[in-house]
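1. Okay, structure incoming, though there's no sequence with it:
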């Protein structure tokens, strides 16, 4: 099934994509790997404690109240106290639960949440106890896909937890979460594709390297917007927290969980927030590279050694702040709006954007057009397009179509009217009224005239009870 | 799939021998896979069977990564575990948590057909494994020269691009077919939330959620109405069903200080702006 003519296409494409040097892990000894792995876990766990405090404090400030301020300086120990309380609470196992799955589900969530940071580059090559090694556990050519895979397995924790609880609200939460993750992971993956196309790689360290001159958030702004929206959807945060919507589902898939098992779900949720923020930082915000041209100071001093870890953390916490800000600002979506938004807006937009990026990249690599000319041409096309769109006359709202006369005998035999159709007045009724006008006679006619006046066909199906169905608060 | 597996993925490339780490990985993963594959056969609940498949798939992905096919391994997890099995699970959940499968065999003689096919498959597999024992792998380093995903991309999008397009078209047709088959024509115009709320305002109906039933020292059941700010019972705070059945109780039944009409000393009858409709 080989097509020889197309085989040549691979050549120029690969040649044109310059693969920058990837992170080099060849010096790593087993204890360096162990230090990094333990370091990542410790970093994530402490970050979660800080994130909970941070969220409560920032939301409190947004609502003009102090937030936690009793335990420790600035209330910093509040989340530690909460965590201890959760651990020491009674661990309730639900009788109707499917025991094994019920216990394993939170573990799946946490385990998969911990996987992502293994491939996130926190900094460039540093000297760690005399070993030259990047501040990153590992990297491979499909690192970003690996992140997507880890998150998609992590959803099993939510789904199985909801199912295994053997109760209605958790099950509904689980079903919602399945639908949500499948829809939003599509948009998320598609938005990342344009970064792959531009960077020429799916390895995280190479993507960071490729953002030497410009962060991908600027040329690929639409992809970033799509990623940002779908990352909020992916971690079940407001305004997309439908799987655990308190007003409707108690707390969704977590309803039947208590103590440590609940704490694990909680932990996984916050680690996932850190994960998606780290991915946004790495793929769109230059990873560990210094912001605002700070990298130019003193021959890039601020882009070497341990400094970049600081920039990475600053960017990471900027996204965490956005999460909290969104939570403090927006209301929860209605479920159908949420689904419509995912499938009818985000995914098509992501697809169109990929095609645009691919076309531009193709023109740059297969022709001699340089980037400036290309951008000018694209700008002119955009301006002309916008100008032309003003010339298109505005669509007037279509007038309500007049209900067509319903002919019950159109198909040859009588059928009842469908919803929205009304029966024409009966011919018999017209005849009767004509008879009555003539001063009609006979008792038989009189009984017939009584009947229709009691049941006028048009509003026969409105309830006799005039009350409206209301939600009861 | 885990970073550990990636780390362990030592080259099988040209030598044809496996390293110790690879051997350990295989002998850890293989029993897990066999046990969960048996779990698929013998699990009583459908969700357990589905979970067994998930474990097999992820273990398989780890082995792919160890065999220097990281792209295949990761895509295996994203597509099969993350999407296909998730949809399976979705359907299982929608069908019902407790519904057990009907064990009536609808195809006559399906056991014999199954045995025959299973035996055939076993024969083929044994044959393949026996002949594959002393095979020297060739060209892995060459194929992965520009990283594994680039190698895969070159094969898919140059050598097999026609096959890929055909498969893609087939999938699109299948998706369209599913859409067409499940499409239902709307008989009436869709009435959205906006229209419904407009209609509710125009009709002068209650816009807020209805008041909750009353809570008293001697009753917090749903059949006793709450008191309004004017001290009179709110008729519509009792669920409609109870009112229609005549099962509601008067406030006076549970509240000692309120008379039959529901007007009492606490809370006092008062007007807030003077424009409220007097009940």
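-> Perfect, thanks for sending it. Predicted model only: the values in this text are computed from it and were never measured. Numbering: from 1, shown residues only, chains lettered A, B, ... in the order given.

2. what about the chain, any weak spots by pLDDT?
-> Picked chain A for this. Within chain A, the stretches with pLDDT under 70 are A:1-22, A:245-247, A:298, A:400-404, A:440-473.

3. not what I meant, chain B
-> Checking chain B against pLDDT under 70 turns up B:1-18, B:96-105, B:133, B:256-279.

4. all helices for it, in order.
-> For chain B, the helices defined by DSSP state H cover B:3-8, B:20-42, B:46-66, B:70-75, B:85-95, B:110-131, B:140-143, B:148-154, B:161-182, B:193-202, B:240-245, B:251-254.

5. can you tell me if stretch A:99-108 touches chain B.
-> Yes. Looking at stretch A:99-108 against chain B by C-beta under 8 Å from any C-beta of the partner chain, the contacts come from residue A:101. Where you see a C-beta, it was placed from the backbone N, CA and C, and this is true even at glycine.

6. From residue B:194, how far out is the residue of the stretch 301-450 of chain A found nearest chain B?
-> Of all residues in the stretch 301-450 of chain A, residue A:420 sits closest to chain B, at 4.3 Å by C-beta to the nearest C-beta. Using C-beta to C-beta, to the nearest Å, residue A:420 is found at 19 Å from residue B:194.

7. between these two, who's got more neighbours?
-> residue A:420 (12 against 8; other C-beta atoms under 10 Å in any protein chain shown).

8. Excluding covalently adjacent residues, which one is nearest to the more buried one?
-> Nearest non-adjacent residue to residue A:420, counting by C-beta to C-beta, 6 or more residues apart in numbering or on different chains: residue B:188, 4.3 Å away.

9. Run a quick neighbour tally on the one you found.
-> Each residue near residue B:188 was counted by other C-beta under 10 Å, and the total is 9.

10. again, but for residue A:326
-> 15.

11. Same check on residue B:178?
-> 10.

12. Over to residue B:181?
-> Neighbours of residue B:181 using other C-beta under 10 Å come to 7.

13. Pull up the gap between it and chain A, please.
-> 18 Å (C-beta to the nearest C-beta, to the nearest Å).

14. ok, now residue B:46?
-> 11 Å.

15. Looking at the helices of chain B, which is nearest to residue A:230?
-> Closest to residue A:230 of those is helix B:85-95 (C-beta to C-beta; 16.4 Å).

16. Is chain A within reach of the closest one?
-> Yes. Interface with chain A: helix B:85-95 contributes B:86, B:87, B:89, B:90, B:93, B:94 (C-beta under 8 Å from any C-beta).

17. List only those of those residues flagged as buried.
-> B:86, B:89, B:90, B:93 (16 or more other C-beta atoms under 10 Å in any protein chain shown).

18. check contacts around the third one.
-> Applying C-beta atoms under 8 Å, 6 or more residues apart in numbering or on different chains to residue B:90 gives the contacts A:175, A:178, A:179, A:182.

19. From residue B:60, how far out is it?
-> Residue B:90 sits at a distance of 22 Å from residue B:60 (criterion: C-beta to C-beta).

20. looking at the helices of chain B, which is buried most?
-> helix B:70-75 (a mean of 24; mean count of other C-beta atoms under 10 Å in any protein chain shown).

21. Please enumerate the helices of the stretch 51-200 of chain A.
-> A:78-88, A:99-115, A:143-164, A:168-199 (DSSP state H, counting those that start in this stretch).

22. quick one: contacts of the second one?
-> Helix A:99-115 is contacted from outside by A:40-41, A:44, A:93-94, A:146, A:150-151, A:153-154, A:156-158, A:160-161, A:163-165, A:256-257, A:261-262, A:264-265, A:267-268, A:271-272, A:275, B:2-3, B:47-48, B:51, using C-beta under 8 Å, 6+ apart.

23. Tell me which of the helices of chain B lies nearest to residue A:201.
-> With C-beta to C-beta, the closest approach to residue A:201 among the helices of chain B belongs to helix B:148-154: 8.4 Å.

24. Packing partners of the closest one?
-> Packed against helix B:148-154, as judged by 3 or more C-beta pairs under 8 Å, 6 or more residues apart in numbering or on different chains; DSSP states H and E, are the following elements: helix A:10-16, helix B:70-75.

25. what about the residue in the stretch 201-350 of chain A that chain B sits nearest to, how many residues close to it?
-> Chain B sits closest to residue A:202 of the stretch 201-350 of chain A, with a gap of 6.1 Å, by C-beta to the nearest C-beta. Counted with other C-beta under 10 Å, residues neighbouring residue A:202 total 25.

26. Backbone dihedrals for it, please?
-> With angles defined as degrees, to the nearest 10, residue A:202 sits at phi -110, psi 10.

27. just to revisit the earlier point, Provide the secondary structure category for the residue of the stretch 301-450 of chain A closest to chain B.
-> For residue A:420, the assignment made with DSSP: H, G, I helix; E, B strand; the rest coil gives coil.

28. Contact residues of the stretch 301-450 of chain A facing chain B?
-> When proximity is defined as C-beta under 8 Å from any C-beta, the stretch 301-450 of chain A approaches chain B at A:334, A:418, A:419, A:420.

29. can we see that at 7 Å?
-> A:418, A:419, A:420 (C-beta under 7 Å from any C-beta of the partner chain).

30. so the second one makes contact with residue B:186?
-> In other words, residue A:419. No. If you go by C-beta atoms under 7 Å, residue A:419 and residue B:186 don't touch, sitting 9.7 Å apart.
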